[in-house]
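Engineer: need coordinates for the below:
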Amino acid sequence: MAAKYSDYEIAKMIAARKQLPADYKSYTKLRDKRGHKESFLDVAGDDGNSFRLILRQSMFNILDFSIILAVAIPDSNQLFRLRRYNGKSHEHSNEIEKNTFYDFHVHMATERYQDLGAREDTFAETSGKFNDYHSALRCMFEECGFELPYDPQQQLFEEG
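Structural biologist: Numbering: from 1, shown residues only. This is a model prediction of the structure:
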């Protein structure tokens, strides 16, 4: 049976402090993988949860990217997607709200969509807070409890 989390539990996991390791930038350098580039980084949360940051970008369309924050479901090998920051590369529709848009957007895990039997992060809202892969990553760091190690150059990611 799939894990189900309440909106309250989801909010607590998103807000939990997640200390990025000193070498986290090396994980933001994407590697080729069948038509896209990808990387991931596992991070421990102060709440006792294990989180995975999954980074993907199309090799063909710069606006086709996904920055995913997932939590490891205890006693399983499954991930529960808490947030997903997507590029402006496809149309998205919310079934319950009956709205459709084509824009930069953030998918959010919700109880309502879990109750429908849909993927936990099916619901999404447009966002004006990012407009490319790098600003989406920065936005996730700011909104999802990540704490960066001291960086005198203040670079959040590796180029290339």
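Engineer: ok, the nearest residue to residue 27 once chain neighbours are set aside to residue 69 distance?
Structural biologist: Spatial nearest neighbour of residue 27, excluding adjacent residues (Cβ to Cβ, 6 or more residues apart in numbering): residue 41 at 4.0 Å. C-beta: built from backbone N, CA, C; applies to glycine. Taking Cβ to Cβ, to the nearest Å as the measure, residue 41 and residue 69 are separated by 11 Å.
Engineer: shared neighbours of those two, anything?
Structural biologist: Residues touching both residue 41 and residue 69 (Cβ atoms under 8 Å, 6 or more residues apart in numbering) are 52, 53.
Engineer: the two: which has the busier surroundings?
Structural biologist: Between residue 41 and residue 69, residue 69 has the larger neighbour count (other Cβ atoms under 10 Å), namely 27 against 17.
Engineer: okay, the more buried one and residue 34: tell me how far apart.
Structural biologist: Residue 69 is 23 Å from residue 34, where distance means Cβ to Cβ.
Engineer: and what of residue 66?
Structural biologist: In terms of Cβ to Cβ, residue 66 sits 15 Å off from residue 34.
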